[in-house]
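>>> Provided below are the primary sequence and the corresponding predicted coordinates.
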Amino acid sequence: MFHLASQIRTSDPDFKANYAYHKKLEADYIEVLERIQQGGPPKHVERHKERGKMTARERIDALIDPDTPFLEFSTLAAYDMYNNSAPSAGVITGVGIVHGQEVLVIANDATVKGGTYFPMTIKKHIRAQKIAMENNLPCVYLVDSGGIFLPEQAGTFADAEHFGHIFYNQARLSRMNIPQISCVMGSCTAGGAYVPAMSDETVIVKEQGTIFIGGPPLVKAATGVECTAEELGGGDVHTRISGVSDHLAENDEHAIKILRNIIQNLGNRPKFELQRDSAAEPSYDPDEIYGVLPRDIRQPYAVYELIARMVDESRFHEFKSRYGTSLVTGFARIMGYPVGIVANNGVLFSESSKKGAHFVTLCAKRKIPLLFLQNITGFMVGLQYEHGAIASDGAKMVHAVANADVPRFTLVVGGSYGAGNYAMCGRGYKPRMLWMWPNARISVMGGEQAANVLAQVKQDQLRAAGKPELNEDEVQELRQPILDKYEKEGHPFYASARIWDDGILTIRDTRAALALGIETSLNQPVPDMEMGIFRM
């Protein structure tokens, strides 16, 4: 490994301006994050606590081992959707450590519309289950939900990845020998009753948790029989009569203790062996990344400066340093874990694409996790590049990335546009986890390019029709709505709200999140490399 030498001067006015700009971006994000993490309206939170119940986040804090991190996913899910009535989409998901074992936690937040499921709630729940499948993680469901949010039924019920897919996934997880444990801490009604019913073990809280396919009003309407929720599907019924639950808890705290005992007795779950060194801090302060990143996302910068502040001891063994220099590839360690880094240093040319394909296959063959640092406008376009088979060379990299079965992690540190997103392991290429920084942008192309393309198309149409072309003011009038639209829809808040990523990371938390992601991925064996056909 070679020590990276930084060329950054922290006294430079541009560095200081960058630093202030990105600190402000992060502060704005944290303000939104903290507001969302409060859950539902204050009166709903107060009523929830008056019933003797812990909040969803308090339950998670009590479940995981003391002084261990919780890697939360998609906190901004449903942000600026549904009139902002569903913070975090009403469900908290993430990876925590219980008795030294990483587990995937899905916790309904009953302070948000009674924990009911909006379309984005379902998407978030399913995404969490997929993370469990890909990383062989036991699932813990902290259930407190009224089922589907009925006004949104058209977006929740009938399609392939709607509500029913949650239970399909539970069946598949069971088939894969991935433990699933449920704790019913409130309502669990209609289709949601299958969550505990399909789990390996189930806990229910006395005189608080209820499980039934149809509640008392539906039972009366269908059969004429009047009954209370407790008589129909309370803890006593399901632990003494029906057998749907296995353990009766006195309260939330007792239920958490039972859950921890269950997890402690899951048996031996060996991990894939990855040679880990002692963790070491970068030689350069990661806090300097705020000053390294330019304020204008279109401005290029040397990605080496980021790598030097992200990897242990700022040591990096670069691969093909003199070839295809618009892509930087090499080996490093993050908190002791070995990683292969693929980082954009400009647009992708044929040479950088082939270099990327070569390096990715090396890592896949050696079973080394991959980290993609995305800041990419796409592949180079133009006559000479098309004649030089840029499409074929780009396909080589796409092919290698798609078939590399090592744990892959993607961090969008700048722009993520066009086919460059795909080659750099975008969402469609199923990285184990994908995050964005607050400065990131993602769309089919940059707003400027999109506005210019559409303006040019309009001019060509007018010219072909023999009509006068637009003047400068008219061109700008045409361009501005496109620029506004791309700015809004390319923003990381917009992306994270729709679960195009697994969350927005602050720069200061990035190394820890990457390390926990890698440690989590080791619960799944890494298969031998298999590739398809590369066009030569």
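Thanks, I have the structure now.
>>> just checking, which helix or strand of the protein averages the lowest pLDDT?
Least confident helix or strand, the chain: helix 383-387 with a mean of 65, by mean pLDDT, DSSP states H and E.
>>> can you list contacts of stretch 364-371?
Counting contacts by CB atoms under 8 Å, 6 or more residues apart in numbering, the residues outside stretch 364-371 that touch it are 272, 274, 331, 334, 337-342, 360, 363, 400, 403-411, 425, 514, 518, 521, 526, 529. No exception for glycine: its C-beta is placed from N, CA and C like everyone else's.
>>> low-confidence ranges in this protein?
Low-confidence segments of the chain (pLDDT under 70): 380-383, 385, 387-389, 536.
>>> tell me which residue of it is furthest from the middle?
Of all residues in the chain, Gly466 sits farthest from the chain's C-alpha centroid, using CA atoms, centre = their mean; the distance is 50.4 Å.
>>> Three-state assignment for that one, please.
coil (DSSP: H, G, I helix; E, B strand; the rest coil).
>>> now swap in Phe331 and tell me
Counting by three-state DSSP, the three-state call for Phe331 is strand.
>>> just the one 10 residues further on next, same as before
Of the three states, Ile341 takes strand under three-state DSSP.
>>> apart from its neighbours in sequence, what residue is nearest it?
Setting aside the residues directly before and after it, Ile341 is nearest to Leu371 in space (CB to CB, 6 or more residues apart in numbering), at 5.1 Å.
>>> can you dump the C-alpha atoms of whichever strand or helix holds that neighbour in CSV for me?
Following DSSP states H and E, the helix or strand that holds Leu371 is strand 370-376. Extracted in CSV, the C-alpha atoms of strand 370-376 (Å, rounded to 0.1, in the frame of the first residue of the first chain):
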residue,chain,number,x,y,z
LEU,A,370,-16.2,-3.4,-3.7
LEU,A,371,-16.9,0.2,-3.0
PHE,A,372,-18.1,2.5,-5.8
LEU,A,373,-17.7,6.2,-5.4
GLN,A,374,-20.1,7.8,-7.9
ASN,A,375,-19.5,11.2,-9.4
ILE,A,376,-20.3,10.5,-13.1
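>>> make sure Pro196 is actually in contact with Val143.
Yes. Under the contact definition of CB atoms under 8 Å, Pro196 touches Val143, with a separation of 6.4 Å.
>>> overlap in contacts of those two?
When contacts are counted by CB under 8 Å, 6+ apart, the set common to Pro196 and Val143 consists of 182, 184, 188.
>>> in helices only, show me those residues.
In helices, defined here by DSSP state H, there are no members of those.
>>> go through the residues you listed and name the one nearest Gln384.
For the shared contacts of Pro196 and Val143, the residue nearest Gln384 by CB to CB is Ser182; the value is 59.9 Å.
>>> who does the closest one bridge with?
Judged by DSSP bridges, the bridge partners of Ser182 are Tyr141, Thr202.
>>> so how far is Ile204 from it?
According to CB to CB, to the nearest Å, Ser182 and Ile204 sit 9 Å apart.
>>> shared neighbours of the two, anything?
Common neighbours of Ser182 and Ile204, using CB under 8 Å, 6+ apart, are Pro196.
>>> helices along the stretch 101-250 of the chain, start to end?
119-135, 164-175, 194-197, 216-223, 229-233, 235-236 (DSSP state H, counting those that start in this stretch).
>>> reformat these as JSON lines; add distance to Asn268.
Written out in JSON lines, the entries for the helices of the stretch 101-250 of the chain read as follows (distance: least, CB to CB, whole Å):
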{"stretch": "helix 119-135", "distance to Asn268": "17"}
{"stretch": "helix 164-175", "distance to Asn268": "19"}
{"stretch": "helix 194-197", "distance to Asn268": "26"}
{"stretch": "helix 216-223", "distance to Asn268": "44"}
{"stretch": "helix 229-233", "distance to Asn268": "35"}
{"stretch": "helix 235-236", "distance to Asn268": "32"}
